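**Student:** pasting the structure only:
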């Protein structure tokens, strides 16, 4: 399990992104941060027996950065990569059917079909390890999976991360544009 939260004073768009991520990714537990310090976050994670934390920070009113942490010896240690977000398209903006939005996602994989860049491949591998989801090509996927994450390239960003539901292969969101990644954290 992974604890998902926001920075202090999140905007509606940041909260919506966290809600979408919690609905789209198995094993994520979203909590409202409020005035909770990192120390209190660690305490809550230890109480819930959770060893990983994701913090979505805001920048200019929207999601700006996603940081990944591990709880080690009662302290939060940031783990690479640190993602900088240049844009987000939320689930509600896709106009997906209610059936797709309500479907419980229990098992997902990371699709490596469209990865053409070494840095994006490194990012996909790192996220696969953090979320503990397998990384392989969509056509090789066993039928046990409910959804998948796809990395695509774009001219205006390093990569786009999109969520798709199976068996329809419909994009359900969110779609996150990554402007750049920091590996030295």
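**Tutor:** Yes, it's here. Remember, it's a predicted structure, so these values are computed and weren't measured experimentally.

**Student:** all contacts plus neighbour counts: C-alpha atoms, from now on.
**Tutor:** Noted.

**Student:** most remote residue from the chain's center?
**Tutor:** Most distant from the centre of the chain: residue 73, at 24.6 Å, with distances by C-alpha atoms, centre = their mean.

**Student:** What distance do you get for it to residue 67?
**Tutor:** Plainly put, residue 73 is 19 Å away from residue 67 if you go by C-alpha to C-alpha, to the nearest Å.

**Student:** what are the ranges of the strands in this protein?
**Tutor:** 2-6, 28-30, 52-59, 62-72, 75-89, 108-111, 135-136, 147-154, 157-165, 170-182 (DSSP state E).

**Student:** Would you convert these into CSV that also reports mean pLDDT, mean neighbour count and distance to residue 129?
**Tutor:** Output for these, formatted as CSV (pLDDT from 0 to 100; neighbours: other C-alpha atoms under 10 Å; distance: least, C-alpha to C-alpha, whole Å):
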stretch, mean pLDDT, mean neighbour count, distance to residue 129
strand 2-6, 95, 23, 13
strand 28-30, 94, 20, 15
strand 52-59, 95, 21, 12
strand 62-72, 95, 20, 12
strand 75-89, 94, 19, 11
strand 108-111, 93, 24, 10
strand 135-136, 89, 16, 9
strand 147-154, 89, 22, 13
strand 157-165, 92, 20, 16
strand 170-182, 92, 21, 16
